[in-house]
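Colleague: sequence unknown, structure follows:
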């Protein structure tokens, strides 16, 4: 960003990052990003060189950021910001079904319907192993069907082991493929 007169405008937060328009060294007014840790960086030189693209009116529709900018050919146009989701789903809470036959794990975002095998989960109830017979995903929850129903007052422990060290379809993951 040009020292002295970057004049940030059209500030917008998406996926824990601040997006804004500013004037950069060697570029005109373009779209920039700041994640709170690293120095601000230009997202794209939409109107290349020192000409301004003047990105503005940033908004989100269907979890995708859009804005208007001038690419230097057709005047102001609608642009889509392609932001890769690299954030893993985060475990939020666990509960049992009313009849005690399922343990329901809730995450902070919608999950992929392709998920980990029953062998990736270990459940104990009252200090004893309780085999998982099925795993289903619905929205942001993973439901583990148990061999033996959990009874009132029983302590329940759930352990999950990701089957590999990389993101893969055989794991609890979000729609973008980030493993939990």
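Modeller: Great, that's in hand. Please read all numbers here as calculations on a predicted model, not as lab measurements.

Colleague: Going by C-alpha atoms from here, please, whenever you check contacts or count neighbours.
Modeller: Noted.

Colleague: How many residues are close by residue 15?
Modeller: Neighbourhood size, residue 15 [other CA atoms under 10 Å]: 14.

Colleague: List phi and psi for it.
Modeller: phi 50, psi 50 (degrees, to the nearest 10).

Colleague: What distance do you get for it to residue 93?
Modeller: Shown here: residue 15 relative to residue 93, a distance of 22 Å by CA to CA, to the nearest Å.

Colleague: And the strands in this protein?
Modeller: Counting by DSSP state E, one finds strands in the chain at the ranges 9-14, 17-23, 29-34, 41-44, 56-61, 64-70, 76-80, 91-96, 102-107, 121-125, 128-129, 132-138, 141-146, 156-160.

Colleague: Any idea what residue 102 is bridged to?
Modeller: residue 145 (DSSP bridges).

Colleague: Paired strands for the worst-scoring helix or strand of the chain on mean pLDDT, with orientation please.
Modeller: Lowest by mean pLDDT, DSSP states H and E among the helices and strands of the chain is strand 41-44, with a mean of 86. If you go by DSSP bridges, strand 41-44 pairs up with strand 29-34 (antiparallel).

Colleague: Give me the contacts around the strand it pairs with.
Modeller: Contacts to strand 29-34, defined as CA atoms under 8 Å, 6 or more residues apart in numbering, come from residues 17-24, 40-47, 51-55.

Colleague: ok so, going back, going by neighbour count, list what's buried in the least confident helix or strand of the chain.
Modeller: Of the residues in strand 41-44, 42-43 count as buried by neighbour count, 16 or more other CA atoms under 10 Å.

Colleague: Run a quick neighbour tally on the closest residue to residue 116 other than its chain neighbours.
Modeller: Nearest residue to residue 116 in three dimensions, chain neighbours excluded: residue 171, at 4.1 Å (CA to CA, 6 or more residues apart in numbering). For residue 171, the neighbour count with other CA under 10 Å is 23.

Colleague: With residue 148 instead?
Modeller: 15.
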